[in-house]
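[1] I'll drop the sequence and a predicted model, then ask my questions.
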Amino acid sequence: MNEAQDHLIDWLRDAYAMEKHAETMLKAQASRLEHYPELKARIEQHIEETIGQQKSLEACLDSMGSSPSTMKDLAGRIGAFGQALGGGLASDEVVKGAMAGYVFENIEIAAYTTLIAAARTCGRDDVRETCEMILPQEVEMARWLLEHLPHVTGAYLTRDAMDEDSAKR
């Protein structure tokens, strides 16, 4: 195996760990959302996409004679668990969660753009096609969050003026 393919495998492992992290974070966020049904529904939809992405990335790694990194996966899950716990304590959790989600989606967009270029360089059309299938899902989630941030913020501020507990979630 050459160095470029080694990098591709490493970056696929990173992407897999990133998607496991995303799943943990999204599930925690969705479980706490009570007063933002549209946001909750979109997050739940993206959880399903995320699980599918994990399976696709695992298949890519398998086709290259590799598997997800247990250490990266574990580190990602521990980090996500810590973030989920910390996020639940913020009084403005829904706004900060939506902002963090938008930032995270853009990191995923950059990761898949990189993977597409690396797969193309390595002649791995199967991996490129998989990442080209995943990328629009991340772009769409980022677009949706950006479009809905003003509404989430306004709804939060309105609820916060009346009752802080309902505003939070």
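    Looks like it arrived, so ask away.
[2] pLDDT score for Ser166?
    Ser166 carries a pLDDT score of 62 in this model.
[3] where are the low-confidence patches of the protein?
    The model of the chain has pLDDT under 70 over residues 1, 70-89, 164-169.
[4] at 50 instead, please
    77, 80-81, 84-87 (pLDDT under 50).
[5] quick one: the helices in it, in order.
    Along the chain, counting by DSSP state H, helices occupy 3-32, 37-63, 70-87, 93-122, 125-162, 164-168.
[6] packing partners of the fourth one?
    I take that to be helix 93-122. Applying 3 or more Cβ pairs under 8 Å, 6 or more residues apart in numbering; DSSP states H and E, one finds that helix 93-122 contacts helix 3-32, helix 37-63, helix 70-87, helix 125-162, helix 164-168. Where C-beta positions appear, they are placed from N, C-alpha and C, glycine not excepted.
[7] now for those helices, which one comes closest to Met99?
    helix 125-162 (7.0 Å; Cβ to Cβ).
[8] buried ones in that closest one, by neighbour count?
    For helix 125-162, burial by neighbour count (16 or more other Cβ atoms under 10 Å) applies to 127-128, 130-132, 134-135, 137-139, 141-142, 144-145, 148-149, 152, 155-156, 159-160.
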